[in-house]
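Trainee: This is a predicted model, with the sequence first.
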Amino acid sequence: MRILTVSHFYEAHGGGIERVAGQLCRQFAAAGHEAIWAASDADALPDGAITALPLRCINPTEALTGLPMPIPGWRSLRALAREVARCDVVVVHDSLYVTSILAVLAARISRRKVVLIQHIAGIAFSSALLRGVMALANLAVTRPMLRTADRLVFISDTVRQDLLGEPARRDYRLVFNGVDQAVFYPAASPRSPTGPILFVGRYVEKKGLAVIHALAARRPDLQFHLAGSGPIAPSSWGLANIRDLGPQTPQALADLYRSSALLLLPSVGEGYPLVIQEAMACGLPVICGQPCERADPAAAAWLKSVAIDLGDADGSARRCAEAIEAPRPDAAARTAMAAYAARAYNWEAMATAVIEGLNPGSP
């Protein structure tokens, strides 16, 4: 089967959605399918058995708002439409990107099957204008995209509830992201409770960088290690207890998970960030924004959630500080958490569930 994956960027860009898209493409190829990946040409292309279709795009919004929105030119649009017509299934990651919208339109014209993997719902930006734009976009674009997909996949029950309601208004599949168990596994010896507090993610507003800034200023006795990249520069904050590690390889991330005291992800508008599942697989305690707590009901007992308000960074930082001082999972709980992650989060199983039964000519 010829499978075209469409995302806004390739995984070298550093975001969770792109990393999931790359993992699934590799699983499709390993299963004997022809895997093609279309995304903006802004970053390094994927290697291995994946055929890349780089799209020349402009991306005017990311530097200004933190929202990536690559917009392909006319030639890239035609190349995307041609590839859609040649494939059997189009796997689209998230609905609000221009590349996603164009791919779904091309698939409907060419009568190709569409799998829509929805990662996020709304984002509680600090700006009322951006919140309004996001709500309008979900109403005008996301909901019609959900209706038109042949298969609708959610990587988080939080996102599913936000977009489909309870009970759900249409059929869907809840399929969690996978974790590479050969890379992400617990430390052989107990971790130090005085190790650094780790953040992993894009340096953008919705990830709660303002909250980390306020928390680090409030608690100079704590060390914060940040792994990622983006338009916000933590190194410019002038705080001695902040260390910007920059982008990390999966192996380096796993080492950070195993050597840190806890993972802090004070973000909003998330589905189920991959870094939480990786941290769980390494036995690392997690403090996260409240919506993530509902993503996988079976994992909620191991996650410490905090109410995050990007419009009140100081108040959110205070609540994070209280969560940091609260009792953390003991060794037995961390072992159980890592064992659960090893069972529940599997890339091969995710790839199978995404395309299962969608063979050429199937209903």
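Mentor: Arrived safely, thanks for sending. Note that the structure is a prediction, hence the values are computed from the model and not measured.
Trainee: any low-confidence regions in the protein?
Mentor: Scanning the chain for pLDDT under 70 picks out the ranges 63-66, 124, 190-193, 360-363.
Trainee: now with 80?
Mentor: Applying pLDDT under 80 to the chain picks out residues 61-68, 121-131, 133-135, 137-140, 189-194, 359-363.
Trainee: which residues in it form helices?
Mentor: 16-30, 62-65, 74-86, 98-110, 128-137, 143-148, 157-164, 209-218, 250-259, 274-281, 313-325, 331-344, 347-355 (DSSP state H).
Trainee: how close does Ser260 sit to Leu45?
Mentor: 32 Å (CB to CB, to the nearest Å). From N, CA and C alone the C-beta is placed, and that goes for glycine too.
Trainee: thinking again about what came up before, export the helices of the chain to CSV and append columns for distance to Leu55 and mean neighbour count.
Mentor: Formatted as CSV, these follow (distance: least, CB to CB, whole Å; neighbours: other CB atoms under 10 Å):
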stretch, distance to Leu55, mean neighbour count
helix 16-30, 14, 22
helix 62-65, 16, 14
helix 74-86, 4, 16
helix 98-110, 7, 19
helix 128-137, 21, 13
helix 143-148, 19, 15
helix 157-164, 26, 20
helix 209-218, 29, 22
helix 250-259, 25, 18
helix 274-281, 23, 26
helix 313-325, 36, 18
helix 331-344, 34, 16
helix 347-355, 22, 18
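Trainee: Let's have those helices in CSV, adding distance to Ala233.
Mentor: Shown next, in CSV, are those (distance: least, CB to CB, whole Å):
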stretch, distance to Ala233
helix 16-30, 21
helix 62-65, 12
helix 74-86, 31
helix 98-110, 27
helix 128-137, 21
helix 143-148, 34
helix 157-164, 30
helix 209-218, 10
helix 250-259, 20
helix 274-281, 20
helix 313-325, 17
helix 331-344, 32
helix 347-355, 33
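Trainee: picking that back up, neighbour-wise, which of Ser260 and Leu45 wins?
Mentor: Ser260 (24 against 14; other CB atoms under 10 Å).
Trainee: Stretch 342-358: end-to-end distance?
Mentor: End-to-end distance of stretch 342-358 (CA to CA, to the nearest Å): 27 Å.
Trainee: nope, stretch 6-13 is what I was after
Mentor: Stretch 6-13 end-to-end distance (CA to CA) = 15 Å.
Trainee: quick one on the thing from earlier: tell me which of the helices of the chain lies nearest to Pro297.
Mentor: Closest to Pro297 of the helices of the chain, according to CB to CB: helix 157-164, at 6.5 Å.
Trainee: With only the CA atoms kept, save that closest one in PDB.
Mentor: Below are the C-alpha coordinates for helix 157-164, written out as PDB (Å, rounded to 0.1, in the frame of the first residue of the first chain):
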ATOM      1  CA  ASP A 157      -9.000  11.300  25.200                       C
ATOM      2  CA  THR A 158      -8.800  15.000  26.300                       C
ATOM      3  CA  VAL A 159      -8.800  16.100  22.700                       C
ATOM      4  CA  ARG A 160     -11.500  13.600  21.800                       C
ATOM      5  CA  GLN A 161     -13.800  14.900  24.500                       C
ATOM      6  CA  ASP A 162     -13.100  18.500  23.600                       C
ATOM      7  CA  LEU A 163     -13.900  18.000  19.900                       C
ATOM      8  CA  LEU A 164     -16.500  15.200  19.900                       C
END
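Trainee: Return the distance of it from the chain's centre.
Mentor: 15 Å (CA atoms, centre = their mean, to the nearest Å).
Trainee: same check, this time on stretch 111-129
Mentor: Chain-centre distance of stretch 111-129: 11 Å, with CA atoms, centre = their mean.
Trainee: If you count neighbours, what's buried in that stretch?
Mentor: Within stretch 111-129, the residues that qualify as buried are 112-125, counting by 16 or more other CB atoms under 10 Å.
Trainee: Among the residues you listed, name the ones in strands.
Mentor: Lys113, Val114, Val115, Leu116, Ile117, Gln118 (DSSP state E).
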